[in-house]
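Q: have a look at this prediction, sequence included:
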Amino acid sequence: MSRFFRQAGDSDSDSETESSESEEEIMSSGDEAPRPQAPAPKQAMARFLKTAGSDSSSSESDEGSDDDDDDDEESGDDEDKPGARILSAQEKRLKEMQATGKAMDNGLKINDWSVISTEFDKLLRMVQRQHNVSEPVAPFYLKTITNLESSVNGAIAKEKEAKKKMNALNAKALTAMKQKIKKALKEHEPEIKKYQEDPEAFERDYAAQTARGETVAPAAPTRAAAQGPVDEEFTTVGKGGKAMAFSPETIFKNLQAVQEARGKKNTDRAEQIRILEKLLEVAVTSYQRIRVLLALISSRFDYNSAVSTHMPPELWLSAQREVDQLVSIVASDTQYSVQEITDDYDETAERSPATEGGVVRIRGSIISFIDRLDDEFTKSLQNIDPHGTEYVDRLKDEKVLYCTICRAQAFYEKTQQADPLARVIMRRLEHIYSKPNAVIQALEAAANEPQVQPSTVPANQPDTSALIHSLCVYLYKSGNTLLRTRAMLSHIYHHALYNNYYTARDMLLMSHLQESIHSADVATQILYNRTVVQLGLCAFRLGLIKEAQATLQEIFTTQRVKELLAQGVHQQRFQTLSPEQEKAEKQRQLPFHMHINTELLEAAFLVSSMLVEIPLLASIDSEEQRRKAISKPFRRLLDFAERQVFTGPPESTRDHIMQASKALQDGDWEKCKDLVQSIKIWSLMPEAASVKEMLGQRIQEQGLRTYLFTYAPHYSSCSLSLLSRTFSLPLRTVTSIVSKMIWSEELSASLDQSAGVVVFHRIDLSRQQQLAQTIAEKLSTMVDQNEKALDAKFGGGSGWGERQEGAKGDKRGEQAQGERRGRGERTRGARGGARGGRGARFAQGLGNQMSGQSTQRQA
């Protein structure tokens with residue numbers, strides 16, 4: 001019945017039946033056998049007479065059969081047709097391979113190697129699929145690659161002789177095909193050899209193997225069903241689809257397979273780690289455990305191939321425990337030794353002290369694992385947000401890392417290995433040199449075990465300086481120059497942190513590190529900058545204002561404080577960093593808990609500069625000499641503040657210090673003291689109350705000096721008691737300050753102790769003396785310029801932290817700076833003598849003092 005004349009009452013099943021009939025007629029139109037006249041009603045009756053337990057409805061089964069017929073294009077006939085045969089999956093794969101081979105033959109005819117390369121990649125994927133299901137290599141594939149080898153060699157020979165070369169794309173594909181064929185021949189070398197010896201025998205073996213597989217396959221479900229429930233646990237499968245057996249006898253074989261796959265492109269690193277963990281469980285002898293641990297720790301470190309990312313904390317903790325286990329095994333059994341350089345040995349055979357002459361030497365490096373553990377820990381702290389709880393949780397792992405380092409130190413002390421011992425002591429020192437006593441004692445308490453505690457740990461003491469001293473002294477005796485330098489800087493940093501300023505200063509000057517630090521690596525230069533900054537803060541806490549200002553000025557003159565301390569990346573206005581440079585800068589940044597507060601640093605530097613600069617400005621009357629500043633950053637901020645038309649209440653640290661400076665210039669020392677002590681950043685400094693008290697006392701003293709410099713030309717004498725009441729200082733302190741100014745020739749006056757007054761003197765310069773002073777000043781400027789030109793030409797001049805261009809900034813040396821400052825101030829003093837000779841003697845005295853200091857340091 002035609003579908004176009006169907007009545008409205010016809011059901012959908014009739015239409016489906018008729019459509020299926022028409023489709024079957026079309027599909028079977030080529031058959032010669034006579035077809036029954038009315039098969040459709042029988043099929044419909046059979047469909048409705050199916051039992052209720054059938055899996056699907058008639059329409060679904062019919063549609064499913066139609067779909068199966070459409071999908072099975074390779075079989076070509078209907079399933080119900082007598083004599084039809086369904087191809088197995090293996091036969092289908094073989095047909096696909098043959099179709100691919102035909103496409104490659106067509107490409108060879110037209111010399112299109114791009115098509116051949118693409119089809120050959122398909123063929124390799126098909127062979128890999130066969131390999132995954134444990135099927136033997138097809139003879140067709142072996143025949144294809146042997147034919148392709150001859151074709152590739154012939155094409156390359158023709159290309160060399162041909163006048164007209166093939167295009168670049170085709171030539172590139174030909175070269176790639178040569179490499180692929182070479183690799184395929186190497187992988188299947190035994191099979192190809194067998195095939196070339198007797199192709200017919202090889203094909204018979206292949207047919208027998210495939211027939212055996214088809215016979216066994218249907219019986220497998222029946223046997224499994226008869227055995228009952230099947231164990232659902234997974235079995236580790238190695239190369240070739242074969243199950244890997246973990247036993248003490250197969251450890252070295254499996255270990256070699258894992259090491260061969262290491263570093264390859266498609267290697268599953270997590271699977272490798274799981275295999276090595278199982279091998280460690282079944283390891284019996286110490287040699288087996290050491291070998292597996294060496295491979296397992298290396299695999300954990302290889303898990304993250306990217307340099308910018310850090311190891312997950314769980315993976316890091318596992319590696320740390322395994323390093324501890326490795327060190328414990330080697331330390332407890334002295335017959336096994338892990339060394340970086342050993343003789344060649346068979347890695348697939350068991351080795352014991354009896355067969356190796358007493359000591360089994362295994363190739364590996366424990367100190368490299370310690371270094372990598374420490375570096376990965378630092379890298380994780382660099383990448384974690386320091387303001388969250390995750391950073392604090394991660395920082396707690398430093399205790400177990402410190403224990404591992406101490407364990408390794410104890411092991412190297414026992415085995416007397418000098419070079420690794422120096423490296424591990426340096427790692428230990430880097431973890432404790434910048435920390436307070438309480439933190440160091442907590443770390444030492446965690447490492448207080450007999451097998452962990454090295455011999456360099458002194459008895460329990462409240463002060464940890466003895467521990468730092470013992471570690472540094474050992475490194476001073478080592479032959480590694482870099483470790484000696486870093487140990488010296490760490491020792492100086494520790495002394496400065498605990499307010500031992502004079503010891504730290506003498507160590508820094510006697511080491512002459514300022515002369516050679518420019519040739520050190522970047523990490524050592526960063527440590528040098530941190531040490532100098534900590535030395536300046538130490539001088540500031542002790543009230544040594546001039547020393548603090550001179551030390552901190554080197555860092556602040558460059559205007560790159562964060563970059564020099566590795567606490568941030570400096571972005572210059574007209575310079576952009578390349579991605580590689582920016583990545584390198586980020587990698588050398590210090591973790592947040594090791595940062596030195598730059599705002600506190602700036603406050604200390606600006607206050608020190610204020611207490612040095614303001615009295616100096618008061619002693620100078622010439623505008624030209626006023627422009628010659630000791631601290632250019634401070635002078636620049638002060639000039640900017642003086643140009644402001646309206647000044648509001650101070651908000652930032654700089655605002656407080658600038659307004660305090662102007663108040664000190666005006667003689668209002670009380671306002672200056674209140675402004676400086678109200679800065680909130682002082683609360684972050686240890687012993688904040690004593691620091692504020694010290695600052696108040698220094699402001700009173702410098703306020704007295706500024707007052708005397710400013711008003712000395714206008715008075716013939718001044719009462720000491722009046723000065724004592726004005727500046728709230730004891731009379732003895734006022735007398736001492738005035739006496740020092742007179743003795744150092746800063747103040748042209750005399751002290752009448754019987755009357756309790758200061759008598760000021762005046763010395764007027766003649767015209768000739770003023771001209772001579774001008775000539776002397778110009779000559780001093782020329783000498784300074786010549787010295788700079790000479791230093792730039794020959795690279796001479798060793799300053800207190802000089803750097804090469806582009807390394808850590810261009811800094812002037814302290815010695816040259818002090819000498820030039822002394823010459824300039826002596827010259828300024830000569831001109832200032834017109835105001836009663838006061839400025840001349842002040843500048844001359846300060847210049848003599850600075851040149852004396854520079855001569856002492858140079859000696």
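A: Happy to help now that I have it. Numbers count the residues shown, from 1 in each chain.
Q: where does the protein dip in pLDDT?
A: Where the chain drops to pLDDT under 70, the residues are 1-85, 212-245, 305-308, 450-453, 455-462, 570-575, 621-629, 795-859.
Q: where do the strands sit along it?
A: Along the chain, the stretches classed as strands by DSSP state E are 336-339, 360-363, 717-719, 749-752, 757-760.
Q: packing partners of the shortest one?
A: Think strand 717-719. For strand 717-719, the contact count by 3 or more C-beta pairs under 8 Å, 6 or more residues apart in numbering; DSSP states H and E identifies strand 757-760 as packing neighbours. For the C-beta atoms, the positions are set from N, CA and C on the backbone; glycine is no exception.
Q: next one: the strand it packs on to chain centre, how far?
A: In terms of C-alpha atoms, centre = their mean, to the nearest Å, the centre of strand 757-760 is found 65 Å from the chain centre.
Q: what packs against it?
A: Here strand 757-760 touches strand 717-719, strand 749-752, going by 3+ C-beta pairs under 8 Å, 6+ apart.
Q: for the ones you listed, which one sits closest to residue 124?
A: strand 749-752 (99.1 Å; C-beta to C-beta).
Q: on contacts alone, who are the packing partners of the closest one?
A: So strand 749-752, by 3+ C-beta pairs under 8 Å, 6+ apart, packs with helix 731-743, strand 757-760.
Q: just the ones you listed: most buried one?
A: With neighbours taken as mean count of other C-beta atoms under 10 Å, those reach their highest mean count in strand 757-760, at a mean of 19.
Q: for residue 609, see how far away residue 549 is.
A: 5 Å (C-beta to C-beta, to the nearest Å).
Q: just the CA coordinates for stretch 716-727, please, in PDB.
A: Written as PDB, here are the backbone C-alpha positions of stretch 716-727 (Å, rounded to 0.1, in the frame of the first residue of the first chain):
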ATOM      1  CA  SER A 716      78.200  88.200  70.900                       C
ATOM      2  CA  SER A 717      77.500  85.700  73.800                       C
ATOM      3  CA  CYS A 718      74.800  83.300  74.900                       C
ATOM      4  CA  SER A 719      74.000  81.800  78.300                       C
ATOM      5  CA  LEU A 720      74.400  78.100  78.700                       C
ATOM      6  CA  SER A 721      71.500  78.000  81.300                       C
ATOM      7  CA  LEU A 722      69.200  79.700  78.700                       C
ATOM      8  CA  LEU A 723      70.100  77.000  76.100                       C
ATOM      9  CA  SER A 724      69.500  74.300  78.700                       C
ATOM     10  CA  ARG A 725      66.000  75.600  79.500                       C
ATOM     11  CA  THR A 726      65.100  76.300  75.900                       C
ATOM     12  CA  PHE A 727      65.900  72.800  74.700                       C
END
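Q: dump the helices and strands packed on strand 749-752 into a markdown table; add distance to residue 505 as well.
A: As requested, the helices and strands packed on strand 749-752 are exported to a markdown table (distance: least, C-beta to C-beta, whole Å):
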| stretch | distance to residue 505 |
| --- | --- |
| helix 731-743 | 22 |
| strand 757-760 | 34 |
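Q: tell me the contacts of residue 377?
A: 316, 397-398, 401 (C-beta atoms under 8 Å, 6 or more residues apart in numbering).
Q: out of these, what pair is the most spread apart?
A: Maximum distance among the contacts of residue 377 (C-beta to C-beta): 11.7 Å, for 316 and 398.
Q: which of these two has more neighbours?
A: Taking neighbours as other C-beta atoms under 10 Å, residue 316 and residue 398 compare with residue 316 leading, 24 against 19.
Q: so that one sits right up against residue 373, yeah?
A: Yes - Residue 316 is within contact range of residue 373, at 7.3 Å (criterion: C-beta atoms under 8 Å).
Q: coming back round to it: between the contacts of residue 377, which sits nearest residue 745?
A: residue 398 (55.3 Å).
Q: just to revisit the earlier point, how about the helices and strands packed on strand 757-760, which one is nearest residue 491?
A: Relative to residue 491, the nearest member of these by C-beta to C-beta is strand 749-752, separated by 44.7 Å.
Q: so can I have CSV of the strands of the chain showing distance to residue 251?
A: Shown next, in CSV, are the strands of the chain (distance: least, C-beta to C-beta, whole Å):
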stretch, distance to residue 251
strand 336-339, 16
strand 360-363, 14
strand 717-719, 93
strand 749-752, 91
strand 757-760, 92
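Q: still on that earlier bit, closest to residue 405 out of the helices and strands packed on strand 757-760?
A: When the helices and strands packed on strand 757-760 are compared by C-beta to C-beta, strand 749-752 sits nearest residue 405, at 61.6 Å.
Q: ok, residues contacting the closest one?
A: For strand 749-752, the surrounding residues in contact (C-beta under 8 Å, 6+ apart) are 712, 717, 735, 738-739, 741-742, 758-761, 838.
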